[in-house]
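Enquirer: Make a model of this:
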Amino acid sequence: MRVWIATLCVCLGLAGCESVHNLVYGPPTTFIVFFQDKSTDLTPDAASIVKSAADAVRRQHPATVAIAAGVAPGGNMEMSQPRFAAVRNQLVADGVDEDIIARSAIADPKLDTGPARQRVEIRLLAKGP
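Expert: Next up, the predicted model:
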């Protein structure tokens, strides 16, 4: 019996963290995209995160996709609009309907220090039909 339980645990671990996370907590609703300092270009890693968000939009059908970009106290306001646009444009390119995309404020401005200032948050809000 112990061997069976251990084997089951290993198989669940190999199934992938995302699958286990979704099983336990539900699918993710927030995606964080980091930009390099003073850059408005999506890195390959950032573009991959945006694609994951677009995939989640297709699976979850949220009513709104809120993008929060550099509007927290201390954020770099001159970078916020181009970063918002970069994420928005990539979401649309990845198949998200632009009519459900909205701009919002950073949810927790206390976290807006150091590298966290270089982030854009994508939040899937309320399920649609």
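Enquirer: pLDDT value on Asn22, please?
Expert: For Asn22, the pLDDT comes out at 51.
Enquirer: Could you pull out the helices in this protein for me?
Expert: Counting by DSSP state H, residue ranges of the helices within the chain are 2-14, 17-25, 44-60, 77-93.
Enquirer: and those helices, which one is worst for confidence?
Expert: helix 17-25 - the lowest mean pLDDT of the helices of the chain, at a mean of 51.
Enquirer: who does the closest residue to Ala46 other than its chain neighbours bridge with?
Expert: Nearest non-adjacent residue to Ala46, counting by C-beta to C-beta, 6 or more residues apart in numbering: Val33, 4.8 Å away. In short, each C-beta sits where N, CA and C put it, glycine included. Beta-bridge pairing for Val33 (DSSP bridges): Val120.
Enquirer: Pretty sure Val33 sits against Arg123.
Expert: No: shown here, Val33 and Arg123 do not form a contact pair, counting by C-beta atoms under 8 Å, at 11.7 Å.
Enquirer: More neighbours: the two, which one.
Expert: Neighbours were counted for Val33 and for Arg123 using other C-beta atoms under 10 Å; Val33 has more, 25 against 19.
Enquirer: And that one, how far from Phe84?
Expert: Between Val33 and Phe84 the computed distance is 11 Å (C-beta to C-beta, to the nearest Å).
Enquirer: Now for those two: what residues contact both?
Expert: Val120 (C-beta atoms under 8 Å, 6 or more residues apart in numbering).
Enquirer: In contact with the residue nearest to Ala46: list those residues for me.
Expert: By C-beta under 8 Å, 6+ apart, the neighbours of Val33 are Leu42, Ala46, Ile49, Val50, Val87, Arg119, Val120, Glu121, Ile122.
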